[in-house]
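Asks: take a look and give me a structure for this.
(one chain, ligands or ions: 1)
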Amino acid sequence: MTHLSNYGNDRLALYTFESVIKFIKCWTNLSLRTVPPLQLGEKYFHLFPNERDPIWGYPCADRRHMQIWAKEKSCDQLPKFLVIGPQKTGTTALYTFLAMHPAIVANYPSADTFEEVQFFNGKNYYKGIDWYMSFFPVPANSSSRFLFEKSATYFEGEMVPQRVKALLPHSKLVVTVIPPSKRAYSWYHHMRAHNDPTALQYSFHQVITAHDGDPRPLRSLRNKCLVPGMYAKHLERWLDHFPASQLILIDGEELRSDPVYVMNELQRFLGIQPFYNYTEHLRYDKRKGFFCQVTEEDKTKCLGRGKGRIYPPMNESDAKLLKVSTGEGVTERVVGKMEESYCACGLCYLGMKIEVDENCKGL
Ligand SMILES: Nc1ncnc2c1ncn2[C@@H]1O[C@H](COP(=O)(O)OS(=O)(=O)O)[C@@H](OP(=O)(O)O)[C@H]1O
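Replies: Model prediction:
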């Protein structure tokens, strides 16, 4: 009873407590004892260890919560959809293209976390809803604007689906995927470009075949390289909390080769009005080798050097290793059947579509 998640509820809790205590004092012979708040808290969490972690709930589900919420707050200041990653699948390009849309509003960048808010997956979560909402503009008169944020590590975060469901139950989720082997390779080069000492010390092959007896930094790098690509595992977790109809899988390779088509499909899925004509606003830039934004001066503005890096092609044997399940050993445990990772409980990656298997109805 003491541990109510939202501050909206907390105000109600204080009032309720006061009344309960008054009632007990007035109508019973019970003598009440207390201890300092910290001790009380420890006792409470000893009795209810599952509640140690707060879960911020959607403040607008209950009219009473709305009534005690500060006047200037509104659920229109919460995002309507999230781009959840995983990393290296084209999420920055997607974010940039979405932000070009006149009806779509991106989060303010965070200086701490490389522009992404990263609220649901780490320590930031404990900063609370106000902190999260401060990354979004106060809604204008019309609530027809689509606020969104992109945090590419949400996808594989253990707690993230449950937390997102609690705070943003109606939000749509955008997942981008590319073949997991390519994702892993791109991520490895990303780490090298950021002078990660372990990535500089070991080859890609050494990273993906690292085993449990290897040094901890190497194992850690291996996990970070491979785990986000286990799409099935992560998608299943998201689908424990969200119906498939709220989630869209985007083919990151198609986003790269035909962004206009992808953005059109995405606009339809999100139900965004007005329909933005990306044909006029995206153009292939030969020098960059990617589609880029067309500026008002009719020039192209491309993503920075960190996106679309140039590195040698992946070894065929490594590509194979990541594609084919080895059948035994550490590699299989960590890598899993990567190709099959495109399917999760009948939810398969088929271009833009999600197909739900008969057995998985009601997901
Ligand atoms: N239009 C456009 N411009 C530049 N880059 C593009 C574009 N579309 C897709 N991509 C691919 O996006 C890859 C980077 O993915 P992310 O933005 O998700 O990376 S990150 O997680 O934010 O670091 C990046 O991976 P690398 O090629 O390995 O650098 C690109 O291949």
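
Asks: centre of the chain versus the longest helix along the chain, how much separation?
Replies: Counting by DSSP state H, the longest helix found in the chain is helix 7-27. Helix 7-27 has its C-alpha centroid displaced from the chain centroid by 37 Å (C-alpha atoms, centre = their mean, to the nearest Å).

Asks: what's the average pLDDT for the next helix or strand after it?
Replies: Next in sequence after helix 7-27, counting helices and strands by DSSP states H and E, comes helix 37-47. For helix 37-47, mean pLDDT rounds to 90.

Asks: what packs against helix 37-47?
Replies: Counting contacts by 3 or more C-beta pairs under 8 Å, 6 or more residues apart in numbering; DSSP states H and E, helix 37-47 packs against no other helix or strand. Using the backbone N, CA and C atoms, a C-beta is placed for each residue, glycine as well.

Asks: need the residues of the stretch 151-300 of the chain near the ligand, please.
Replies: A152, S186, H190, L255, R256, F290, F291 (C-beta under 6 Å from any ligand atom).

Asks: need the contact list for the fifth one.
Replies: Looking back up the chat, that one is R256. R256 is in contact with G90, A93, F290, F291, counting by C-beta atoms under 8 Å, 6 or more residues apart in numbering.

Asks: of the residues you listed - the most surrounded one?
Replies: Neighbour counts for the contacts of R256 peak at G90, which has 27 neighbours (criterion: other C-beta atoms under 10 Å).

Asks: E254 is in contact with that one, correct?
Replies: No. Checked against C-beta atoms under 8 Å, the pair G90 and E254 is beyond contact range at 9.3 Å.

Asks: hmm, back to that, so can I have CSV of the contacts of R256 showing distance to Y108?
Replies: Shown next, in CSV, are the contacts of R256 (distance: C-beta to C-beta, whole Å):
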residue, distance to Y108
G90, 22
A93, 20
F290, 26
F291, 25
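
Asks: out of those residues, list just those in helices.
Replies: Checking the contacts of R256 against DSSP H, those in helices are A93.

Asks: now, which of the contacts of R256 lie within strands?
Replies: Under the assignment DSSP state E, the contacts of R256 contribute F290, F291 to strands.

Asks: between the contacts of R256, which sits nearest R237?
Replies: G90 (21.8 Å; C-beta to C-beta).

Asks: residue contacts, that closest one?
Replies: So G90 contacts T176, I178, I250, G252, L255, R256 (C-beta under 8 Å, 6+ apart).

Asks: for the fifth one, phi and psi?
Replies: The phi/psi pair for L255 (degrees, to the nearest 10) reads phi -60, psi -30.

Asks: so it sits against N264, correct?
Replies: No. Counting by C-beta under 8 Å, N264 is not a contact partner of L255; they are 11.7 Å apart.

Asks: more neighbours: which of the two?
Replies: L255 (22 against 17).

Asks: now do the contacts for the more buried one.
Replies: Shown in contact with L255 (C-beta under 8 Å, 6+ apart): G90, A93, L94, T176, V262.

Asks: counting neighbours, what do you get for A184?
Replies: Using other C-beta under 10 Å, A184 has 26 other residues around it.

Asks: which stretches of the stretch 101-250 of the chain form helices?
Replies: Along the stretch 101-250 of the chain, counting by DSSP state H, counting those that start in this stretch, helices occupy 128-133, 160-167, 180-193, 197-201, 204-208, 216-226, 231-241.

Asks: with mean pLDDT added, can I get the ones you listed in a markdown table?
Replies: Output for those, formatted as a markdown table (pLDDT from 0 to 100):
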| stretch | mean pLDDT |
| --- | --- |
| helix 128-133 | 92 |
| helix 160-167 | 97 |
| helix 180-193 | 93 |
| helix 197-201 | 98 |
| helix 204-208 | 92 |
| helix 216-226 | 91 |
| helix 231-241 | 83 |
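
Asks: so which of the ones you listed is nearest T300?
Replies: Across the helices of the stretch 101-250 of the chain, T300 has its closest neighbour in helix 180-193 (22.4 Å, C-beta to C-beta).

Asks: if I look at V175, how far off is P259?
Replies: 17 Å (C-beta to C-beta, to the nearest Å).

Asks: if you could redo that for T28, that was the one I meant.
Replies: 69 Å.

Asks: out of those two, which sits in the busier spot?
Replies: Higher neighbour count among T28 and P259: P259, with 23 against 9, using other C-beta under 10 Å.

Asks: how about the contacts made by the more buried one?
Replies: A93, F97, Y278, L282, F291.

Asks: again, only this time at 6 Å
Replies: Residues near P259 by C-beta atoms under 6 Å, 6 or more residues apart in numbering: L282, F291.

Asks: could you measure from it over to Y278?
Replies: As judged by C-beta to C-beta, P259 and Y278 stand 7 Å apart.

Asks: got it, and G289?
Replies: 19 Å.

Asks: what's the answer for L239, then?
Replies: Following C-beta to C-beta, the distance that separates L239 from Y278 is 29 Å.

Asks: distance of R309 from the ligand?
Replies: R309 sits 4 Å away from the ligand, going by C-beta to the nearest ligand atom, to the nearest Å.

Asks: just I129 next, same as before
Replies: Distance from I129 to the ligand, counting by C-beta to the nearest ligand atom: 25 Å.

Asks: how is the nearest residue to that residue once chain neighbours are set aside assigned, secondary-structure-wise?
Replies: Among residues not flanking I129 along the chain, W56 sits closest, at 5.2 Å (C-beta to C-beta, 6 or more residues apart in numbering). Counting by DSSP: H, G, I helix; E, B strand; the rest coil, the backbone at W56 sits in coil.

Asks: good, we can wrap up now.
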